[in-house]
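Visitor: Whatever this is, show me its structure:
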Amino acid sequence: MTKRNKIIYWIATLWLSLGMVSTGIVQIIPLEEEAQKMSELGYPMYFLRIIGTWKLLGVAAVLAPRLPLVKEWAYAGFFFLMTGAVFSHLAHGDAAAEYFGPVLLLVLTIVSWYYRPSERRLVATF
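Guide: Numbers count the residues shown, from 1 in each chain. Prediction:
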């Protein structure tokens, strides 16, 4: 892996982790604004704590030095969560500003996954 790719990986991964941790904590608490938005989107309030908890666990998995299978699941979870957020806002008819966070985290998920080092990849055994 080139030095350039390592830098891209770590910047994307740390930025992704920061975004997931900060939004995960906001969802676990939950803040009034976050609870109101979930209610507007039609989701039950307990869904906030589930999403927030999975985000924090996903960040731990992505940053852990081993466990490539768990990393793949975490990246997949982040991808599904952020595409779900984008489509939820789209279905609700929200303003374009509401898409920025989920789209940014989606792009960071893809970049982090794509540039991850070989020791953080799942090796096919067939």
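
Visitor: So which residues of the chain form helices?
Guide: Along the chain, the segments classed as helices by DSSP state H run 3-28, 32-41, 46-63, 68-92, 100-114.

Visitor: and the residue most central in space within the chain, what pLDDT?
Guide: The structure's the chain has its C-alpha centroid closest to residue 78; by C-alpha atoms, centre = their mean the separation is 3.6 Å. pLDDT, the model's per-residue confidence, is 97 for residue 78.

Visitor: need the helices of the chain in a markdown table with distance to residue 123, can you?
Guide: Yep, even glycine has a C-beta here, placed from its N, CA and C like the rest. Formatted as a markdown table, these follow (distance: least, C-beta to C-beta, whole Å):
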| stretch | distance to residue 123 |
| --- | --- |
| helix 3-28 | 18 |
| helix 32-41 | 39 |
| helix 46-63 | 17 |
| helix 68-92 | 7 |
| helix 100-114 | 15 |
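
Visitor: And those: which comes nearest residue 124?
Guide: helix 68-92 (11.0 Å; C-beta to C-beta).

Visitor: the inter-axis angle of that closest one versus helix 46-63?
Guide: Angle of helix 68-92 versus helix 46-63, following axes from the mean of the first three to the mean of the last three C-alpha atoms, to 10 degrees, is 140 degrees.

Visitor: Now do the buried residues in helix 68-92.
Guide: Neighbour counts over helix 68-92 (16 or more other C-beta atoms under 10 Å) mark 68, 70-72, 74-75, 77-78, 81-82, 85-86, 88-89 as buried.

Visitor: tell me, how many neighbours does residue 26 end up with?
Guide: 16 (other C-beta atoms under 10 Å).
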